[in-house]
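> sharing a model prediction with you, sequence too.
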Amino acid sequence: MTDDRNIYKPIKAKLTRVIDETPLIKTFVLVPETPFKFETGQFIELSVDGIGEAPFTPSSSPLVTDKLEVTVMKTGYVTEYMHRLEPGVFMGIRGPYGRGYPLEKFYGKVVMILGGGCGLAPIRSLLYALEDVKDKLEKVILCYGSKTPADCVYKPLFDRLNSIDKFEAYRTVDKSDEDWDGPVGVVTSLLNSIKYNRKNSVAVVCGPPVMMKFGTIKFLEMGYRDDEIYLSMEKNMSCGLGKCGHCMMGRYFVCKDGPVFTWEEIKDQPQIWE
Amino acid sequence: MQYLSIKKSDWDNHVDQLLLSFSVFAPVKNEYSLDYEEISSENISNISYNIPKPATPLKNFFLPVKENVTSEGISGKKRVILGSPGCDVAGLRLLDEIYLDREFNDIFYRSRRDNTIIIASDCLRIQEHCHCTAYGIRPYPEDGADLSVMLIDDVVLLRVISQKGIDFKNSFLPGLTPADDSLVSEAENNHRKIESMLRDKWVDLPDYSKTGELVAGAKPGIWKKYSSRCVSCGACTVICPTCSCFLLIDKPGFEKIKQQDACQYPGFERVAGGEDPLFRLSDRFRNRYMCKYVWKPQKFRASACTGCGRCTEACIGKIDKNELFLELSK
């Protein structure tokens, strides 16, 4: 199966639109020079020409191959440059890489999704994929937390989800403002009041490490088995190819063996949340 | 195993002829060390045989310290590397698994592997930190190299190991004859002698899988103790024949430069959000041991430590990994 493809070389993608989601988060709409397929939960390496490259899970539907959306929080050197980009420029894409969400394992079940902050980006892609197979699912529930109401990404998404059969979406904020009349508290607090068939469900967690940690603890307390909790891990995935070593998490290359893992797979690995 | 022989002076003539078709590299002793040099007609007689081990690991011929991996591939003269020790040849097994993996095949590594003939050298001496046999590796390669040589007095004894080696011998090394029985028995005697010297020297050192168990079960104190002399210089990884972590650096025009990196450097695993699993020096130090003896063995067939001992030789803090393992095994 060896070929002469250069695994390090990106393809180009034209930036056609930049959407301001929050003061720190933007969504980049990209049109790749050739159709680009990915499975939901897989990630890409997105580069700014001459500046650097960073891993992101696309936030768009895996069913769309002529356009790709990537939601980026301004948090470091490369993302700072990304936030300065205007439509019309070309970016570089490598991938897709890694193992995404195993949708077939969700069939027949309630998919309980816990998201925090910019972690809603991969989840939005997952939601599109789940919508496509909703006939095979019992229910999809999204619980999402942001620091403040203004820090919530994809605000129109919630009403849309609540209008889809079998889908429910809930929001909370750590700190409210005068316009917010919804729940206040950490995202796991939403789980206490939602009625659903827990015993026939799987849990998906994506967000900042501390939220993933407490989300996992909460789901374990609720009685989920280790292999029923799916985590999208964030490490320094630099090459995406299982070679450069930067994303090693114990025996795993997160870029190749993940980024989606069950808790059972990773619970014994070191420094998971650090 | 078939042994062929040739007089040393004729062998040197062959090497001289090889220069017409190949770039040839071999260990030459200089005033500082024994290391690979590009061979020309002038320095053929300076090539060192039978002696472990060049300062530079063999990996550097296949994974340069820095290279542009968006360029149009590699061309140029084919290469012969002459005189690599068994430990370094064994190190290529892991690199092959990583870089020639079916899903993500590195064309730069592959073309260098394809374009290179490896003529190993059997070791007839040991150096202070050599311990290949502790990890099941022989000081005379039986696979991985294409051919292997041993110099006995003024005769070069040659073992042909791979198909590539057979083809190479047929095309470029005419006039070799099957070795006399007495020479063969001397060569085999040398192999046995060097192996038993290594075994005797490291009789207390745990083997590779036992080392993995000890490392996995070690208490934090041992890492704190041994890392107290570590300065995160990364020399142990740079010099290691199997360490191959790298960094990709972006250049204008979507070019990428691949540069050797090391888990011992601060910030190796840090992400933009600030999380840094290997922030503490003792965690970085432990990481290298866990990688080599616990995690890599769970992912790959090849050993991630070949017992070459270079990490101990290169350490400016004089950290001796075998001392650590002997302490763990007490």
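Noted; the coordinates are in hand. Numbers count the residues shown, from 1 in each chain, chains lettered A, B, ... in the order given.

> which residue does the stretch 151-300 of chain B bring closest to chain A?
Closest to chain A within the stretch 151-300 of chain B is B:Ala272: 2.8 Å, counting by CB to the nearest CB. C-beta: built from backbone N, CA, C; applies to glycine.

> and the residue lying closest to that residue once chain neighbours are set aside, how far from A:Glu53?
Nearest residue to B:Ala272 in three dimensions, chain neighbours excluded: A:Gly76, at 2.8 Å (CB to CB, 6 or more residues apart in numbering or on different chains). A:Gly76 is 12 Å from A:Glu53, where distance means CB to CB, to the nearest Å.

> show me which of the two is the more surrounded one.
Legend: neighbour count by other CB atoms under 10 Å in any protein chain shown for A:Gly76 and A:Glu53, higher for A:Glu53 (24 against 16).

> ranges for the helices of the stretch 1-150 of chain A?
A:77-82, A:120-132 (DSSP state H, counting those that start in this stretch).

> list the contacts of the shortest one.
Think helix A:77-82. Residues outside helix A:77-82 that contact it (CB atoms under 8 Å, 6 or more residues apart in numbering or on different chains) are A:26, A:28, A:46-48, A:51-54, A:72-74, B:272.

> follow-up on the earlier one: okay, the helices of the stretch 1-150 of chain A in TSV with distance to B:Leu82, mean neighbour count and mean pLDDT next?
Listed next are those as TSV, based on distance: least, CB to CB, whole Å; neighbours: other CB atoms under 10 Å in any protein chain shown; pLDDT from 0 to 100:
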stretch	distance to B:Leu82	mean neighbour count	mean pLDDT
helix A:77-82	44	18	97
helix A:120-132	52	24	97
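
> isn't the residue of the stretch 151-300 of chain B closest to chain A right up against A:Lys74?
No: counting by CB atoms under 8 Å, B:Ala272 does not reach A:Lys74; the two are 9.4 Å apart.

> low pLDDT regions in chain A?
A:1-2 (pLDDT under 70).

> which residue is nearest the middle of it?
Nearest residue to the geometric centre of chain A (CA atoms, centre = their mean): A:Pro122, 2.0 Å.

> show me what contacts the closest residue to it other than its chain neighbours?
Of all residues not flanking A:Pro122 in the chain, A:Thr57 sits nearest, at 3.8 Å (CB to CB, 6+ apart). By CB under 8 Å, 6+ apart, A:Thr57 lies in contact with A:Gly41, A:Gln42, A:Phe43, A:Ile44, A:Ala121, A:Pro122, A:Ser125, A:Ser232, A:Pro259.

> hmm, try it at 10 Å
A:38, A:40-44, A:70-71, A:95-98, A:100, A:119, A:121-126, A:206, A:232, A:234, A:259-260 (CB atoms under 10 Å, 6 or more residues apart in numbering or on different chains).

> A:Met212 now?
Contacts of A:Met212 by CB under 10 Å, 6+ apart are A:114, A:116, A:119, A:205-206, A:229, A:231-234, A:263, A:272-273.

> list the buried residues for stretch A:141-149?
Neighbour-count burial for stretch A:141-149, counted by 16 or more other CB atoms under 10 Å in any protein chain shown, picks out A:Ile141, A:Leu142, A:Cys143, A:Tyr144, A:Gly145, A:Ser146, A:Pro149.

> chain center to that stretch, what's the gap?
In terms of CA atoms, centre = their mean, to the nearest Å, the centre of stretch A:141-149 is found 14 Å from the chain centre.

> and B:Glu313, that's in a helix?
Yes: B:Glu313: assigned to a helix according to DSSP: H, G, I helix; E, B strand; the rest coil.

> ok, now which ones touch the closest residue to it other than its chain neighbours?
Spatial nearest neighbour of B:Glu313, chain neighbours left out: B:His129 (5.6 Å); criterion: CB to CB, 6+ apart. Neighbouring residues of B:His129 by CB under 10 Å, 6+ apart: B:52-53, B:307-314, B:320-322.

> what about B:His129, distance to A:Leu137?
60 Å.

> now swap in B:Glu31 and tell me
73 Å.

> tell me the centre residue of chain B?
Note: chain B centre (CA atoms, centre = their mean) maps to B:Asp88, 2.1 Å.

> which of the helices or strands spans it?
helix B:86-99 (DSSP states H and E).

> correct me, but A:Glu104 touches A:Val133?
Yes: using CB atoms under 10 Å, A:Glu104 is in contact with A:Val133, at 8.9 Å.

> between these two, who's got more neighbours?
Ranked by neighbour count (other CB under 10 Å), A:Glu104 and A:Val133 place A:Val133 first, with 13 against 9.

> around A:Trp195, how many other residues sit close by?
Trp isn't right for residue A:195; it's Lys. With other CB under 10 Å as criterion, A:Lys195 counts 5.

> so what's the closest residue to chain B within the stretch 1-150 of chain A up against?
Nearest residue of the stretch 1-150 of chain A to chain B (CB to the nearest CB) works out as A:Gly76 at 2.8 Å. Contacts of A:Gly76 were listed using CB under 10 Å, 6+ apart, and they are A:Gly52, A:Ala54, A:Met82, B:Arg270, B:Val271, B:Ala272, B:Gly273, B:Gly274.

> quick check: residues of the stretch 151-274 of chain A near chain B?
Listed as neighbours of chain B in the stretch 151-274 of chain A under the rule CB under 10 Å from any CB of the partner chain: A:208-210, A:234-253, A:256-257, A:269-274.

> which phi and psi values does B:Ser40 adopt?
phi -130, psi 170 (degrees, to the nearest 10).

> would you map the strands across the stretch 201-330 of chain B?
B:246-251, B:255-260 (DSSP state E, counting those that start in this stretch).

> circling back: including distance to B:Cys236, could the helices of the stretch 1-150 of chain A go into CSV?
CSV is the format used below for the helices of the stretch 1-150 of chain A (distance: least, CB to CB, whole Å):
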stretch, distance to B:Cys236
helix A:77-82, 28
helix A:120-132, 37
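
> measure A:Phe158 to A:Cys118 for me?
16 Å.

> rewinding a little: the contacts of A:Met212, buried ones only, as a PyMOL selection?
Selecting the buried subset of the contacts of A:Met212 in PyMOL, with 16+ other CB under 10 Å as the burial test, is done by:
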select buried, chain A and resi 114+116+119+205+206+229+231+232+233+234+263+272
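
> looking at the contacts of A:Met212, which are in helices?
Residues of the contacts of A:Met212 located in helices (DSSP state H): A:Trp263.

> circling back: more neighbours, B:Glu31 and A:Leu137?
Shown here are B:Glu31 and A:Leu137; by other CB under 10 Å, A:Leu137 has more neighbours (18 against 4).

> what about stretch A:187-195, start to end distance?
16 Å (CA to CA, to the nearest Å).

> low-scoring stretches of chain B, by residue?
B:73, B:75.

> more neighbours: A:Phe158 and A:Cys118, which one.
A:Cys118 (25 against 17).
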